[in-house]
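1. one predicted model, sequence on top.
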Amino acid sequence: MLAVVGTVPDPEFPLISGEVELRGGNILLDGRSVPVNRGTPALLAAACKVLEYLGHPKPFGYLVGDVGLGKGSRLLYEYLTEHLGRTHFDTIAFHYLQPDVDWHNRVLFAVEDMPRRPLLIADAGFMYAAKMSGQAPSYDLFTPDVGELAFLADETAPHPFYTRGFILHEENRVPELAARAYRHDNASRYLLVKGLRDYVFDRNGILAVVDHPVSEPMEAIGGTGDTLTGIVAAFASTGMELDRAAAVAARVNRLAGHYAHPTPATQITDIIVCIPLALESVFRSEASEGGQVRGIHG
Amino acid sequence: MFSFFKGKKRKTSTSHDGRDRGILVFEHTSEVIRAEKVLKRAAWPIRVMGPPPEVRSGCDLVIEFPLIEKLNIVRTLRLEGISPLDAVPVSSPLLQPVDIFQVKDLGKYLMVRAANMKITVDRETSIIVNVSGGGCPDVPYLAARMVGKSLAEAPAPNEIGHTLCGYALHLAYEEMKRRCLP
């Protein structure tokens, strides 16, 4: 089962947990309805679409309200340290939380208490904390964009805001930045780097490049990184090999964007509704081409 | 009287090795943002920077200031109800925030990126159509408050944001205003 940990942009929203259901433009959790705009609700919505398509159980969510003051995040960190050790999740995706190295480390200790170690995926604020804690290699997957990859590559930067200027965030330097992140042990076992071209890396270099279809407006659309993390986390929780899950997720996310005919003004909900069509297309092409997914280069 | 002080403040000179500089440490980034506005409005030569590693308290931004003016600057802040946690000399190099903007022409739309934050605006209407990137929890909140509003009407990220991502978005927003508004 997949667990997703994150926040919603409402300071009054209490700490809740439970199975997550997607209904229309909202996710439902523990009797509460949260609009899918971007952030963790968008991640959960994408994961719901994938798991429903594949016939797997709904994801489990841990959510709390936080608008950047960190109060909600700290409540959630504390709750996780007390409860995670007794859970049996296959995969945990950590997402929009206020970066806090001390609390991050305590959560990682709680994961070590779990009966079976889950796959660990980190994105957004929790990925920032994971890198700064020096524990990045404890994770199975990070899902940075190019700017965040530059932050991972800069061994001194405590946040993307302080990435040094000589480490430029340029698309054509992605392999070099990934190599630097691995050299300083600031990368997870696999990296899924989202951008004009999506890359999957491990410590030895490029495993896959996904560059089709190209929809340039996707970069401007808030939440496309969240849906990508949701899709790969859902695939991983079903037992799909993680490197393959990353490449196929990149392809599905691109296709869903393509089917939404995006402009820079498109909203993420318009793309999420296209995920089942994208899944259908990817798995149909895989079946007809002997296990190969079109648009993924090794 | 006020003009005299303003003039005096502007003339405050600094050495290049930072020995005459101090840092103001705050509990929350939102306090740094408020303090920056107050001090810049009063023409103090300050910069928002990253804290040195030895500073273990406070948030992820500090304000670098001329150390000799410590009392005046702290007084200015207190008059506005802002109290730094600490005001200490700079003892090692400070982290420099990203100061490079990346601008992408998307036809009818313009996208500006600062650090990990992007803002996209319809050039004809000045409406903010998307906010993307970032990882701190105020990003979805900022997006919800800003998207769909014009650059002139939308709340500034430094008014309602609290984190480094919010601060980065504010830089992108200011650059976008500079390019799109008369």
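-> On my side now, so go ahead.
2. could you find the closest non-adjacent residue to residue A:79?
-> Distances taken as CB to CB, 6 or more residues apart in numbering or on different chains place residue A:15 nearest to residue A:79, at 5.9 Å, with adjacent residues excluded. To be clear about C-beta, it is placed using only N, CA and C from the backbone, and glycine gets the same treatment.
3. could you do residue B:157 as well?
-> Leaving out its chain neighbours, the residue that sits closest to residue B:157 by CB to CB, 6+ apart is residue B:170, at 3.9 Å.
4. which helix runs longest in chain B?
-> Taking DSSP state H as the criterion, chain B has its longest helix at helix B:164-180.
5. so how far is it from its chain's centroid?
-> 10 Å (CA atoms, centre = their mean, to the nearest Å).
6. how about it as CSV, C-alpha atoms only?
-> Provided in CSV are the C-alpha atoms of helix B:164-180 (Å, rounded to 0.1, in the frame of the first residue of the first chain):
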residue,chain,number,x,y,z
LEU,B,164,12.4,30.8,1.2
CYS,B,165,10.2,29.6,-1.6
GLY,B,166,7.8,32.4,-0.9
TYR,B,167,10.7,34.8,-0.9
ALA,B,168,12.0,33.4,-4.2
LEU,B,169,8.5,33.8,-5.7
HIS,B,170,8.5,37.4,-4.6
LEU,B,171,11.7,38.0,-6.5
ALA,B,172,10.2,36.5,-9.6
TYR,B,173,7.0,38.5,-9.1
GLU,B,174,8.9,41.7,-8.8
GLU,B,175,10.8,40.9,-12.0
MET,B,176,7.6,40.1,-13.8
LYS,B,177,6.0,43.4,-12.7
ARG,B,178,9.1,45.2,-13.9
ARG,B,179,8.7,43.6,-17.3
CYS,B,180,4.9,43.7,-17.7
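7. so what does that helix touch, helix or strand wise?
-> The contact analysis (3 or more CB pairs under 8 Å, 6 or more residues apart in numbering or on different chains; DSSP states H and E) places helix B:164-180 against helix B:29-41, strand B:101-106, strand B:109-114, strand B:117-122, helix B:138-146, helix B:157-160.
8. re earlier: now do the contacts for the residue nearest to residue B:157.
-> Counting by CB atoms under 8 Å, 6 or more residues apart in numbering or on different chains, residue B:170 touches B:33, B:156, B:157, B:158, B:161.
9. tell me how many other residues surround the first one.
-> Residue B:33 is flanked by 22 other residues according to other CB atoms under 10 Å in any protein chain shown.
10. wait, it touches residue B:161, no?
-> Yes. Between residue B:33 and residue B:161 there is a contact at 7.4 Å, judged by CB atoms under 8 Å.
11. so which of the helices and strands packed on helix B:164-180 is the most surrounded?
-> Mean neighbour count, computed with mean count of other CB atoms under 10 Å in any protein chain shown, is highest for strand B:117-122 among those, reaching a mean of 28.
12. counting by contacts, list what that strand packs against.
-> Counting contacts by 3+ CB pairs under 8 Å, 6+ apart, strand B:117-122 is packed against strand B:109-114, strand B:128-133, helix B:164-180.
13. the second one near chain A anywhere?
-> Just to be clear, that refers to strand B:128-133. Yes. Against chain A, strand B:128-133 shows contacts by CB under 8 Å from any CB of the partner chain at B:129, B:130, B:131, B:132, B:133.
14. pick the one among those residues closest to residue A:68.
-> Using CB to CB, residue B:131 is the member of the residues of strand B:128-133 next to chain A that lies nearest residue A:68, at 13.6 Å.
15. check what pLDDT the closest one gets.
-> We have a pLDDT of 96 for residue B:131.
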